[in-house]
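Novice: Structure for the following, please:
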Amino acid sequence: MAITVNLRYIGKKGAAQAFAREMISSGTVEKIRAEKGNLRYEYYLPFGEEKASDDTSETILLIDSWENQEAIDLHHATPMMKTIAELREKYDLHMTIERFVSDDKIPEQDKAFIRS
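Specialist: Numbers count the residues shown, from 1 in each chain. Below you'll find the predicted structure:
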C-alpha cells in the first residue's frame, strides 16, 4: 500500500522553479530518493507556467511517493526536513497538499484505456 503525496509549491517571480532547481542542485533530491521506502520524488511544471512574469504566481508540483507511513515518518525525522523548510522560507513558498493511498489494483474495465 503505497502513499503518494502531491505537494504544490506556489511562489512568485520564478521562486517555485528556483526552489526546485536548488533542491536538485544541492543534492537534496538524490538523498531523498535514496532513502529507504522512497518510491518517487519528482518535480513537474504545469503547462502554461513555463515562464512566470514578475507579478504572476507559479506552481511546481512535487509527486512524493513512499512504501508506507513508517517510511514517511522516518523521512520527516531526517535533517533534510530542516533544509527543505529553510528553502521554502528562502523562496517564500506556500503549499497545498493532497494525499493518496494506492490499492495497487487496476480494474479490468480500466485496463482497456491503458497503453503499455
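Novice: Can you mark which positions in stretch 77-89 are buried?
Specialist: 80, 83, 87, 88 (16 or more other Cβ atoms under 10 Å). For every residue, glycine as well, the C-beta is placed using N, CA and C.
Novice: Tell me if I'm right that residue 26 and residue 83 touch.
Specialist: Yes. Contact criterion Cβ atoms under 8 Å: residue 26 and residue 83 qualify, at 7.5 Å.
Novice: if we can go back for a sec, just the buried residues of stretch 77-89 now: which is nearest residue 18?
Specialist: Closest approach between the buried residues of stretch 77-89 and residue 18, by Cβ to Cβ: residue 87, at 9.3 Å.
Novice: Would you confirm that that closest one contacts residue 19?
Specialist: Yes. Assessed by Cβ under 8 Å, residue 87 is found in contact with residue 19 at 5.6 Å.
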